[in-house]
Each structure stands twice: as structure tokens, then as C-alpha cells.
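Fold the following and give me the result.
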Amino acid sequence: MHKPCAVIPVYNHEHAVPTVVSDLLAAGLPCVLVDDASDPACATVLRQLAEHPQVFLVQLMQNQGKGGAVMAGLREAGRLSFSHALQVDADGQHDLADVASFISQSQAHPQALVGGYPQYDDSVPKARLYARYLTHVWVWINSLSLAIPDSMCGFRVYPLPATLALIDSVALGRRMDFDPEILVRLSWRNQPMCWLPTRVHYPKDGISHFRLFHDNALISKMHTKLFFGMLLRAPLILWRRWRG
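Below is the predicted model of the structure:
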């Protein structure tokens with residue numbers, strides 16, 4: 001069975017998220033919206049969107065951060081009996097014309113995580129672009145592999161059984177450290193992954209919740225934790241890969 005939905009973490013993106021939801025519904029994907037303790041104006045928009053029979057709303061009373069919101073959405077998707085979930089940002093930066101190709105790839109390889117490999121235009125902030133490369137290097141080190149070409153793009157299809165088994169057994173980062181950490185930990189479990197290019201655009205009036213100092217500190221702490229975890233697991237990881 002392949003029954004996909006979209007999971008959209010939302011924190012004060014009331015202007016962009018209606019278009020995101022509309023495009024996903026037009027692509028045939030039900031939507032799980034996660035209100036990460038947004039302001040009243042955004043919360044009102046989300047409740048209105050949830051009046052659609054194919055839109056489901058999870059409301060978090062305290063702000064959990066992107067990772068916490070995504071995990072809440074994935075758990076709700078599993079509870080609703082979806083088999084796969086496409087993670088999509090609420091700010092409109094992802095090219096939703098690529099939804100069909102991602103879902104098609106997931107249908108062809110239902111056990112695999114389908115990750116987005118971003119193709120940036122000139123709108124990308126250069127500081128964030130360059131900082132991503134340092135994270136990529138650490139992810140390659142901590143996963144003992146070059147098989148993850150991009151760990152920060154939040155446009156990916158998760159196979160829910162394997163993903164929920166991980167997030168229910170490990171304390172993952174709950175903010176911007178979530179996206180790279182879950183990929184490394186899934187790779188430790190020999191999770192199949194495949195990658196598709198996807199265009200990414202940063203709207204000029206978009207709202208970024210990336211906190212330059214705090215989130216970079218969290219990501220650095222996450223890489224350090226994963227590094228020592230990798231050292232402990234390295235023999236098992238390499239043996240699994242050698243077997244198959």
C-alpha cells in the first residue's frame with residue numbers, strides 16, 4: 001500500500017501557507033498542518049484551511065521548533081493510516097511542481113526515503129549557502145558515506161514505518177538540527193535513500209525562523225553527538241553495508 005500525504009510545519013506563515021496547501025491538494029495530496037504555536041492570525045488561517053476534508057490540523061500549545069513540529073506531523077500522519085509523508089516547508093520556497101516526480105519515485109521504491117537535492121537560484125542567501133557545505137561534510141563523516149548529497153533540504157518523502165520507529169526510539173533534535181540528524185540516524189539503520197533535484201527559491205518577503213547563532217550552535221552540538229555515536233557504531237554500520 002502506498003498512501004501518501006504532505007506534512008507541513010507552520011509557524012507564522014499565514015500569507016504563504018494557503019497557496020502551499022492549495023497546490024498540494026491539486027497534486028492529490030492530503031495535508032497534515034502542524035501549528036507550532038503560531039500567532040492568532042496564523043492560527044485562524046490554519047483553522048480555516050482545516051475545514052477542507054483533506055486537510056488535518058495538529059495544534060501545539062508550545063512552540064517546538066521545526067523538528068518538533070515535523071515529528072508531531074509524522075506521528076499524526078501515521079495515526080491517520082498514511083504510509084508515506086512528504087515534508088514541505090510552509091514559506092513557499094519549495095517548487096511544488098516537483099511533487100509528482102517525488103511521489104512517483106516513492107511509489108516505485110516504497111521502502112526508500114526520497115530526498116530533495118536543491119537547485120538554488122540567485123535568491124539564496126550566500127551565508128546560508130556556504131554554511132550548508134560544512135554540514136554536508138560532517139554528515140558524510142558521521143554517516144560513513146557520501147550517499148547523502150544534501151541533508152538540509154526539507155523537501156523529502158519519508159516511509160512512515162521506518163521513520164516512526166526511529167523518532168519513537170531516539171531523542172532527535174527538535175529545531176533546525178532535525179533535518180540532518182534524522183538522515184544520519186536513518187543511514188545508520190541502513191535505510192534505503194534516493195535523491196531527486198528540486199528547485200528552491202527564497203521569497204524576498206519570506207520569513208525565516210533560522211536563528212543564526214542559536215541554530216548554528218545546535219547544529220554543531222548535533223554533529224559532535226553524532227560523531228561519537230558514529231565511532232561507537234562504526235563496526236556494525238560497516239558490517240551491515242558489507243553484507244548488503
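
all contacts plus neighbour counts: C-alpha atoms, from now on.
Noted.

Quick check on Gln87: phi, psi?
Taking degrees, to the nearest 10, you get phi -80, psi 130 for the backbone angles of Gln87.

After the helix or strand of the chain with the lowest mean pLDDT, which helix or strand is next?
Least confident helix or strand of the chain, by mean pLDDT, DSSP states H and E, is helix 126-143 with a mean of 79. Heading C-terminal from helix 126-143, the first helix or strand you meet, by DSSP states H and E, is strand 156-159.

So the spatially most central residue of the chain versus His94, what's the distance?
For the chain, the residue sitting closest to the mean C-alpha position, by CA atoms, centre = their mean, is Gly154 at 3.8 Å. With the distance defined as CA to CA, to the nearest Å, Gly154 ends up 9 Å from His94.

So, low pLDDT: which residues of this structure?
Within the chain, the ranges that satisfy pLDDT under 70 run 122-131, 203-216, 244.

ok, which stretches of it are helices?
17-26, 40-49, 65-79, 99-108, 126-143, 160-167, 178-188, 212-243 (DSSP state H).

Report the contact partners of the residue nearest to the centre of the chain.
Gln87, Val88, Asp89, Gly116, Asp179 (CA atoms under 8 Å, 6 or more residues apart in numbering).

Highest neighbour count among these?
Val88 (27 neighbours; other CA atoms under 10 Å).

My guess is it contacts Cys153. True?
No: contact criterion CA atoms under 8 Å: Val88 and Cys153 do not qualify, at 9.5 Å.

what does stretch 35-45 contact?
Contacts with stretch 35-45, where a contact means CA under 8 Å, 6+ apart, come from 9-14, 18, 46, 57-65, 69.

same thing but at 7 Å, please
The contact list for stretch 35-45 (CA atoms under 7 Å, 6 or more residues apart in numbering) reads 9-14, 58-64, 69.

Any quick PyMOL command for the buried ones out of those residues?
Listed next is the PyMOL selection for buried residues among the contacts of stretch 35-45, using 16 or more other CA atoms under 10 Å:
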select buried, resi 9+10+11+12+13+14+58+59+64+69
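
My guess is Phe82 contacts Lys3. True?
Yes: in this structure, Phe82 is within contact of Lys3 by CA atoms under 7 Å, at 5.1 Å.

What about Asn142, how many residues nearby?
Counted by other CA under 10 Å, the residues lying close to Asn142 total 24.

Contacts only, for it.
Per CA under 7 Å, 6+ apart, neighbours of Asn142: Val184, Leu226, Phe227, Met230.
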